[in-house]
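Q: Provided below for reference: sequence and predicted model.
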Amino acid sequence: MIQELKASYGRVFEDALIAEIAQVGTFKEVPAGHKLMEIGDYIKGMPLLISGVIKILREDADGDELLLYYLEQGDTCSMTMSCCMGQTKSEIRAIAETDAKLIMIPIRKMEEWTAKYRSWRNFVFESYNSRLNEMLQTIDSIAFLNMDERLVNYLREKARVNQDAIIRNTHQEIAYDLHSSRVVISRLLKKLEQMGKIELHRNYIRIKNLD
């Protein structure tokens, strides 16, 4: 665990903090599609992502989802931290986008390390800032971009975080992430195919050129 922590967080945390994380943290390996956190759950620990990608979703009153942002190697979830510190229920859903490895940090250590390690304080504040900026980008895209522009951005980001030009999601799953309908997404995907930007196949979408 020490070596994996150093690979992901060695440039962020000092050796003493990494040693403490390895001592008190709980290591987890989860497959793609695994639900790590559900809306309404009480959160008992904060995740540090060692490898893989996790998507963070919000849900409206009708049960429709909206993708907020992705967590990647070296990240943590600021909304999880807020719930941990306030001992409140989760307002997000976290699902593994790919196979992932993470370490769960107990709540009691979060406050202790904030006082003890400057690197931890900086990491927490920078994480809040990064996630806030990503949520603002999501809000901006909903407010100012057409659905076809949002779809292109979604496909481009999906390909980036997965490091794969193949998108293995159904039209319905994409619609859920973008808080849209399957009919609308299917129509826009067909339009992108006609423009030569993607290829539509029965079980996947191939990205050709979304620049």
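A: Right, received. Where do you want to start?

Q: could you use CA atoms for every contact and neighbour count after this?
A: Noted.

Q: report the longest helix in the protein, please.
A: Among the segments of the chain that qualify as a helix by DSSP state H, the longest is helix 118-144.

Q: next helix or strand past it?
A: helix 147-162 (DSSP states H and E).

Q: domain boundaries for the chain, per the record?
A: Domain segmentation of the chain under automatic domain parsing yields 2-143, 146-207.

Q: any chance of CSV for those, columns mean neighbour count and mean pLDDT?
A: Putting those into CSV (neighbours: other CA atoms under 10 Å; pLDDT from 0 to 100) gives the following:
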stretch, mean neighbour count, mean pLDDT
domain 2-143, 17, 87
domain 146-207, 16, 94
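
Q: which residue is the nearest non-sequential neighbour of the most centrally placed residue in the chain?
A: Using CA atoms, centre = their mean, the residue of the chain that lies closest to the mean C-alpha position is Tyr70, 2.4 Å off. Distances taken as CA to CA, 6 or more residues apart in numbering put Lys55 closest to Tyr70, at 4.5 Å, once the chain neighbours are dropped.

Q: ok, now Gly45?
A: Pro106 (4.5 Å).

Q: which SS class is the spatially closest residue to Thr98 that is not a sequence neighbour?
A: Leaving aside its chain neighbours, Thr98 sits nearest to Ala32 (4.2 Å; criterion: CA to CA, 6+ apart). Assigned with DSSP: H, G, I helix; E, B strand; the rest coil, Ala32 falls in the coil class.

Q: how about Ala32, phi and psi?
A: Dihedral angles of Ala32 (phi, psi; degrees, to the nearest 10) stand at phi -60, psi 140.

Q: so who does it touch?
A: Counting by CA atoms under 8 Å, 6 or more residues apart in numbering, Ala32 makes contact with 95-100.

Q: which one of those residues is nearest Leu132?
A: The shortest approach to Leu132 among the contacts of Ala32 belongs to Ile95, at 19.2 Å (CA to CA).

Q: who does the closest one form a beta bridge with?
A: Counting by DSSP bridges, Ile95 forms beta bridges with Lys35, Lys55.

Q: ok, it touching Gly52?
A: No: assessed by CA atoms under 8 Å, Ile95 is found out of contact with Gly52, at 11.3 Å.

Q: before we move on, the earlier item: roughly how far does the residue nearest to Tyr70 sit from Leu136?
A: Using CA to CA, to the nearest Å, one gets 16 Å for the distance from Lys55 to Leu136.

Q: same check, this time on Ser90
A: Plainly put, Ser90 is 20 Å away from Leu136 if you go by CA to CA.

Q: check Gly196 too.
A: 31 Å.
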